[in-house]
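> Dropping a prediction and its sequence here:
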Amino acid sequence: RKWFVVGEEEEKKMWLVVVAVVGVLVGWLWWELCGGKWRLRFRLPPGPWPVPLLGTLHLMDPDRPYQTVRDWAAEYGPIFTMWNGPRPAVVVTELELLREAADRRGQHFLGRPTNPILDLFAGGRKGICRASGQLWATHRRFVQEQLQQLEPEAETAVLDEVDKSVRFLRAKKGTRDADLLKELHLIATNVLWRLTAGRSFERDSSGLQRFQTVLRGTREVWELPQAFLFSAFPGRCEIGPLRSLLGWAAVEERATELWAFLDEELAEAGGRWEARPADQSCLLHRLFAEQRRRGAEAETEPVSPGQIRALAADLATSGVETVAQSLAWAVLFLLQRPEVEERCQREIGQQVGRKRQVRLADRPRLPFVQATVAEAQRLGNILPLNGFRCAATDGLKLGGFDVPAGVPLYLEFSAPMAAAAHFAEPEQFRPERFLQGPSPPGHLPITQGPPAKPDAVNAATYKAHLDAFKSLNDRLCAFPMAGEASRCVTDVWDST
């Protein structure tokens, strides 16, 4: 056939192309193996041997990546190196090293590694989750102060929303309309958004459905099989032919939907505050007031428009799902051990009574309820692999190893909470373990130390976990879950 016939000139051109392609590949492999960050592998803590392009990602169990990390810790030690593509990360899993990093090395964790997806959903290097350096430290401190002052409003929101949901569940008792998991998401959404923007959503309203659609779209981005490529090769996968091949446009579409929703919510919150400037009942109103007080200086402060916008995104995308899933795990554990639920109800009845709801001030008189919350948080760990990657801004020494500047640290606070060395039968739900003297040494709640509490978002969601669970337990005293919610076990298990 004619098109198989190649002339001498065409053959030379073809060989030139082949030589060029081979040369590029050889050069790329040399850079991967001998240059770039791969040369760090001999200076970093030991770990599984990386391969070009993938690093150690091909060795991870896609269904249980946290178990892979724990297996590596058992093989290589409590501090080791894994590779997210060509990018190394030092993983810390041992209790004392975690405390050393959290308590005495906080000044080293002001940086953030590059992640194009996180940057897209935070509007750049803004907010608390993505800001770095002194801006992050200042913003985090300022927002924490504001949230602490909002504690009474947060408690009121929790009590109101739980009461509405329990009334709805009682009215639907014995019908297929009683969806406990849906109610937990509604509680989490309304509590956090009342605290953030000063408004809540009616059940099945278009606003609620839109909010939930936006959050579901954000979650789906992280479930994409190619999501790891965007963080492993930042600046490369979202441009050129890879942009279409890997579906970056779909990621941008989800971010656009999120920002459209948040911009409308911010405009509405700003309008409410303009009408009542003295209203300080939600976080956004306080930030607007501080922004006006600072005037032109606000552009470079934690209350700049970009920072406020990013903070709203942090709370929306990081808060709702964590609270709802934590409550779902707590319900599942109580269904498995109804005697624990009965003991919680009995303690509340004896110490608080049935004529009012449980308040934060009642905590010292409810040791078993607090132990149940702590155990549900420990065992129902919704983020086994720490999502907050704290990059060192300068070199530090940890566990006898030198961690160079710019190498991210994964502080795996979940590892000690699942270790038999700290908890007998760690896979069992046993609140009683927290009643036997001081809190077990391996218990590291969300708010432990500077990097473990990398932002005020976690502080707010942790308080929401505690408040909502205790209030829910209180309101369900005459509504035993073991009988009425047993059909929800499968739904809760599947969703978590």
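Yep, that arrived.
> how close does Leu97 get to Phe401?
Distance, Leu97 to Phe401, by Cβ to Cβ, to the nearest Å: 10 Å. (C-beta placed from N, C-alpha, C; glycine too.)
> same deal with Glu151?
Applying Cβ to Cβ to Glu151 and Phe401 gives a distance of 41 Å.
> Ok, Glu341 next?
Glu341 is 46 Å from Phe401, by Cβ to Cβ.
> Of the two, which one has the most company?
Higher neighbour count among Glu341 and Phe401: Glu341, with 22 against 16, using other Cβ atoms under 10 Å.
> how many neighbours does the closest residue to the more buried one other than its chain neighbours have?
Spatial nearest neighbour of Glu341, excluding adjacent residues (Cβ to Cβ, 6 or more residues apart in numbering): Leu334 at 4.4 Å. Neighbourhood size, Leu334 [other Cβ under 10 Å]: 24.
> again with Ser231
Neighbours of Ser231 under the rule other Cβ under 10 Å: 18.
> measure the closest residue to it other than its chain neighbours to Ala89 for me?
The spatial neighbour of Ser231 that comes closest, neighbours along the chain excluded (Cβ to Cβ, 6+ apart), is Asn115 at 4.8 Å. Asn115 is 12 Å from Ala89, where distance means Cβ to Cβ.
> Over to Asp402?
Look at Asp402 and Ala89: by Cβ to Cβ, they are 15 Å apart.
> And Glu290, by the same measure?
To Ala89, Glu290 is 36 Å away according to Cβ to Cβ.
> The two: who's more crowded?
Between Glu290 and Ala89, Ala89 has the larger neighbour count (other Cβ under 10 Å), namely 20 against 16.
> quick one: what helix or strand has the more buried one in it?
Element membership for Ala89, per DSSP states H and E: strand 87-92.
> Would you mind pulling up the elements that that strand packs against?
Secondary-structure packing of strand 87-92 (3 or more Cβ pairs under 8 Å, 6 or more residues apart in numbering; DSSP states H and E): helix 65-76, strand 79-84, strand 408-411.
> Turn those into TSV, including distance to Glu9, mean neighbour count and mean pLDDT.
TSV is the format used below for those (distance: least, Cβ to Cβ, whole Å; neighbours: other Cβ atoms under 10 Å; pLDDT from 0 to 100):
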stretch	distance to Glu9	mean neighbour count	mean pLDDT
helix 65-76	53	16	88
strand 79-84	45	24	90
strand 408-411	52	22	81
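> Of these, which is nearest Thr93?
Of all these, helix 65-76 sits nearest to Thr93, with 4.3 Å by Cβ to Cβ.
> Can you list the buried residues in the longest helix anywhere in the chain?
Counting residues, the longest helix found in the chain (DSSP state H) is helix 305-336. Buried residues in helix 305-336, counted by 16 or more other Cβ atoms under 10 Å: 307-335.
> and the next element down the chain from it?
Immediately after helix 305-336, counting by DSSP H and E, sits helix 338-351.
> circling back: can you count the residues close to the residue nearest to Ser231?
19.
> same question, Gly353
Using other Cβ under 10 Å: Gly353 sits among 9 other residues.
> how about it, phi and psi?
phi 90, psi 180 (degrees, to the nearest 10).
> measure it to Lys126 for me?
Gly353 is 47 Å from Lys126, by Cβ to Cβ.
> again, but for Gly235
From Gly235 to Lys126 the distance is 18 Å (Cβ to Cβ).
> the more surrounded of those two?
Using other Cβ under 10 Å as the criterion, Gly235 and Lys126 rank with Lys126 on top: 24 against 9.
> Next one, pLDDT for the residue nearest to that one when sequence neighbours are not counted please.
Leaving aside its chain neighbours, Lys126 sits nearest to Ala310 (3.7 Å; criterion: Cβ to Cβ, 6+ apart). Predicted confidence (pLDDT) for Ala310: 87.
> go on, Phe109?
Predicted confidence (pLDDT) for Phe109: 61.
> And the one 10 residues further on, by the same measure?
The predicted structure scores Asp119 at 82 on the pLDDT scale.
> Would you mind confirming that it is in contact with Arg125?
Yes: counting by Cβ atoms under 8 Å, Asp119 does reach Arg125; the two are 6.5 Å apart.
> which neighbours do those two share?
With Cβ atoms under 8 Å, 6 or more residues apart in numbering applied, the contact sets of Asp119 and Arg125 do not overlap.
> can you give me the strands for the protein?
With DSSP state E, the ranges of strands along the chain come out as 79-84, 87-92, 390-391, 396-398, 401-403, 408-411.
> Let me know which of those is the nearest to Arg176.
strand 408-411 (43.1 Å).
> Please save the CA atoms from the closest one in CSV.
Extracted in CSV, the C-alpha atoms of strand 408-411 (Å, rounded to 0.1, in the frame of the first residue of the first chain):
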residue,chain,number,x,y,z
PRO,A,408,5.2,18.8,54.2
LEU,A,409,4.6,17.1,57.5
TYR,A,410,1.6,14.8,57.9
LEU,A,411,0.8,14.7,61.6
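> so where is the chain shaky, pLDDT-wise?
For the chain, the stretches flagged by pLDDT under 70 are 1-8, 10-12, 28-39, 102-111, 133, 236-240, 296-301, 383-394, 437-496.
> residues touching Arg219, list them.
Residues counted as contacts of Arg219 (Cβ under 8 Å, 6+ apart) are Glu321.
> Check the gap between Ser370 and Ala376 for me.
If you look again at residue 370, you'll see it is Gln, not Ser. In terms of Cβ to Cβ, Gln370 sits 11 Å off from Ala376.
> hang on, I meant Lys173
25 Å.
> In contact with Arg70, which residues?
Thr93, Ala415, Ala418.
> Scan the residues you listed and report the most crowded one.
Ala415 (25 neighbours).
> Would you confirm that that residue contacts Ala73?
Yes: with contact defined as Cβ under 8 Å, Ala415 counts as touching Ala73 (6.6 Å).
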